[in-house]
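Build me a model from this:
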Amino acid sequence: MTRKQVEIMDAIRENCCGLDVHQETVVACLFKGALDKKPIPVFAEFGTTTKELCRLQDWLADHECKEVVMESTGVLWKPIWNVLESTCELVVANARHVKNMPGRKTDMKDAQWLASLHRCGLIKGSMIPPEHIRDLRDLTRYRRKLVQ
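Alright, predicted model coming up:
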């Protein structure tokens, strides 16, 4: 799906945010506005420390944004999920499903692309188990590592 196709799709979210997650940075693109108008993107960049992720949480709250989609490889999404899950409806997008168009790629463009897709309801989130199951998985993985 190309950017032009997404732009003509019907928006279903008035306020949403796309996060492009990396090891040391999180780039956010927020869309806020009426469903029948093209939103103006608002960008921000945050670190991945707990203090910076709390700043991201405050930034989202200041913009009254509760719907957030993030694209991440590996386990980089976990700290962000842990900080934001109490205040936001989160979706972790499979990178293969939201692959951007070929060409020049920037973190800001990726975050904006994610926000565009999420605004139109085009992202199916990955299954994230409840917190108690995630904790149990972490414990069993740690035990296996110790036994090995």
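
tell me the contacts of Arg119?
Residues in contact with Arg119 (C-beta atoms under 8 Å, 6 or more residues apart in numbering) are Ala11, Ile12, Arg13, Cys16, Phe31, Pro39. From N, CA and C alone the C-beta is placed, and that goes for glycine too.

ok, now with 7 Å
With contact set as C-beta atoms under 7 Å, 6 or more residues apart in numbering, Arg119 has these partners: Ala11, Arg13, Cys16, Phe31.

Could you verify my assumption that the last one touches Pro39?
Right, Phe31. Yes - the pair Phe31 / Pro39 is scored as a contact, 4.0 Å apart, by C-beta atoms under 7 Å.

Who has more neighbours out of these two?
The neighbour comparison of Phe31 against Pro39 (other C-beta atoms under 10 Å) goes to Phe31, with 24 against 20.

Go through whichever strand or helix holds the more buried one and flag the buried ones.
Using DSSP states H and E, Phe31 sits in strand 25-32. For strand 25-32, burial by neighbour count (16 or more other C-beta atoms under 10 Å) applies to Val26, Val27, Ala28, Cys29, Leu30, Phe31, Lys32.

Kindly report the same for stretch 50-63.
Glu52, Leu53, Leu56, Gln57, Trp59, Leu60, His63.

How far off centre is it?
In terms of C-alpha atoms, centre = their mean, to the nearest Å, the centre of stretch 50-63 is found 13 Å from the chain centre.

try stretch 16-32
The answer for stretch 16-32 is 6 Å, by C-alpha atoms, centre = their mean.

what are the ranges of the strands in the chain?
Under the criterion DSSP state E, the chain carries strands at the ranges 15-21, 25-32, 40-47, 67-71, 89-93.

tell me the most buried of those strands?
strand 15-21 (a mean of 26; mean count of other C-beta atoms under 10 Å).

could you give the angle of that one to strand 89-93?
Angle between the axes of strand 15-21 and strand 89-93 is 40 degrees (criterion: axes from the mean of the first three to the mean of the last three C-alpha atoms, to 10 degrees).
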